[in-house]
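Engineer: just coords:
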């Protein structure tokens, strides 16, 4: 393989390896797609976040909702299959625009306008729902976390004020990797 091609592939490989390390999976780096990488990050956000005790009864599932990205929803369902989060069995729900996310513990939002995202966030104000998006300016709108690519690597920013308002406690291990807002 020539040097130019290796240099082009390096950022993609770095992002894939970071996602795999976070997920601790046995998948090879060449099998990682952008939706799979995002799903790994979403799962780890859930894994390294604590919800208040009143976030749902133990017999209820921990629901990870996805709006606007069926590929991420599919990959997330694969990533959490038969896993337990916060003492709950897990499930993934692919939401449709206009659907209320009140039963969600985590909501990943993609492919919507800033106005739609703002409306969603406002409807979840003070509700213990971890909101994540790839929408530019999402954390400034009040969302908790935003994914973005920087130099070919998937990075994320966190709005701690929004997390506190939602009564969510994010692990210092997760926050050490974040760009804080």
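Structural biologist: Yes, it's here. Everything numeric here is computed off the predicted structure, so don't read it as measured data.
Engineer: can you tell me which residues contact the residue nearest to residue 43 when sequence neighbours are not counted?
Structural biologist: If the residues on either side of it in the chain are set aside, residue 43 comes closest to residue 79, at 4.9 Å by Cβ to Cβ, 6 or more residues apart in numbering. Any C-beta I mention is one placed from the backbone N, CA and C, and that applies to glycine too. The neighbourhood of residue 79, defined by Cβ atoms under 8 Å, 6 or more residues apart in numbering, consists of 23, 36, 39, 40, 42, 43.
Engineer: Phi, psi for the residue most central in space within the chain please.
Structural biologist: To find the centre residue of the chain, average its C-alpha atoms and take the closest one (Cα atoms, centre = their mean): that gives residue 42, at 2.8 Å. The phi/psi pair for residue 42 (degrees, to the nearest 10) reads phi -60, psi -50.
Engineer: doesn't residue 107 make contact with it?
Structural biologist: No - contact status for residue 42 versus residue 107: not in contact, 10.0 Å apart, counting by Cβ atoms under 8 Å.
Engineer: where do the contact lists of the two overlap?
Structural biologist: residue 132.
Engineer: Might you calculate how far stretch 72-92 sits from the centre of the chain?
Structural biologist: 12 Å (Cα atoms, centre = their mean, to the nearest Å).
Engineer: actually stretch 168-181, sorry about that
Structural biologist: The chain centroid and the centroid of stretch 168-181 are separated by 13 Å under Cα atoms, centre = their mean.
Engineer: With stretch 115-134 instead?
Structural biologist: Put simply, stretch 115-134 sits 13 Å off its chain's centre (Cα atoms, centre = their mean).
Engineer: hey, where'd the helices end up in this structure?
Structural biologist: 3-23, 34-47, 70-80, 114-123, 160-165, 172-175 (DSSP state H).
Engineer: Name the nearest residue to residue 78, ignoring sequence neighbours.
Structural biologist: residue 39 (7.4 Å).
Engineer: And residue 72, by the same measure?
Structural biologist: On the basis of Cβ to Cβ, 6+ apart, the spatially nearest residue to residue 72 that is not a chain neighbour turns out to be residue 35, at 4.6 Å.
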